[in-house]
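Trainee: here are the coordinates; sequence isn't available:
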């Protein structure tokens, strides 16, 4: 029974460290997988477009928390065709926890405003207003931080566990 509690602590702390590491790896891979889209988008041609709709939509997640989503619609011409787009940037749609952040994005796109639209020449329906990916750097930094935390936490946990086991062995033989 004396060894049960230290072993349980070791298991819990190790599991938490591995969870942090797994989350870190997910964020790291997610941010790195977006990079090719960003680079490819940098070579897309641009066309002048016009903003025809802008609004903030609200959405509730499964926990009941609210997200604010800046939504724009724009028209532009590509390959001698008039097209309509809705994506602001490469990557997943933008979701913000604060309405102020969503408003800041929409301030760049008032109704009737002329904008540059970057479109995929092989698939002109795939178009964006900005060639950057929001939050990619934050995902990359958080991923690295979580992986470093995992390494530190595992190192401390293993060190303490080994120290406890050595003390227990000494008390048995003395």
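Mentor: Received, thanks. The model shown is predicted, which means the values in this text are computed figures rather than measured ones. Residues are numbered from 1 along each chain as shown.
Trainee: Tell me the secondary structure at residue 138.
Mentor: Per DSSP: H, G, I helix; E, B strand; the rest coil, the secondary structure class of residue 138 is helix.
Trainee: So it versus residue 24, what's the distance?
Mentor: 13 Å (C-beta to C-beta, to the nearest Å). Quick note: C-beta positions are derived from backbone N, CA and C, even for glycine.
Trainee: swap in residue 70?
Mentor: Residue 70 is 28 Å from residue 24, by C-beta to C-beta.
Trainee: Looking at these two, which is more packed in?
Mentor: Set residue 70 next to residue 24 and count neighbours by other C-beta atoms under 10 Å: residue 70 wins out with 23 against 20.
Trainee: need the contact list for the more buried one.
Mentor: Counting by C-beta atoms under 8 Å, 6 or more residues apart in numbering, residue 70 makes contact with 54, 56, 88, 94, 96, 102, 103, 105, 106.
Trainee: Could you find the closest non-adjacent residue to residue 82?
Mentor: residue 75 (6.1 Å; C-beta to C-beta, 6 or more residues apart in numbering).
Trainee: Run a quick neighbour tally on that neighbour.
Mentor: 13.
Trainee: So it sits against residue 84, correct?
Mentor: Yes. If you go by C-beta atoms under 8 Å, residue 75 and residue 84 touch, sitting 5.3 Å apart.
Trainee: Need the residues touching each of the two.
Mentor: By C-beta under 8 Å, 6+ apart, the residues touching both residue 75 and residue 84 are residue 52.
Trainee: Can you pick out the most distant pair from the contacts of residue 70?
Mentor: The largest separation in the contacts of residue 70, counting by C-beta to C-beta, is between 54 and 96 at 14.7 Å.
Trainee: What residue spans form the domains of this protein?
Mentor: 30-134, 136-167 (automatic domain parsing).
Trainee: Which of these comes out lowest on mean pLDDT?
Mentor: Comparing mean pLDDT over those, the weakest stretch is domain 136-167, at a mean of 78.
Trainee: Got phi/psi on residue 68?
Mentor: Here is the backbone geometry of residue 68 (degrees, to the nearest 10): phi -110, psi 130.
Trainee: any idea how far residue 152 is from it?
Mentor: With C-beta to C-beta as the criterion, residue 68 and residue 152 are 35 Å apart.
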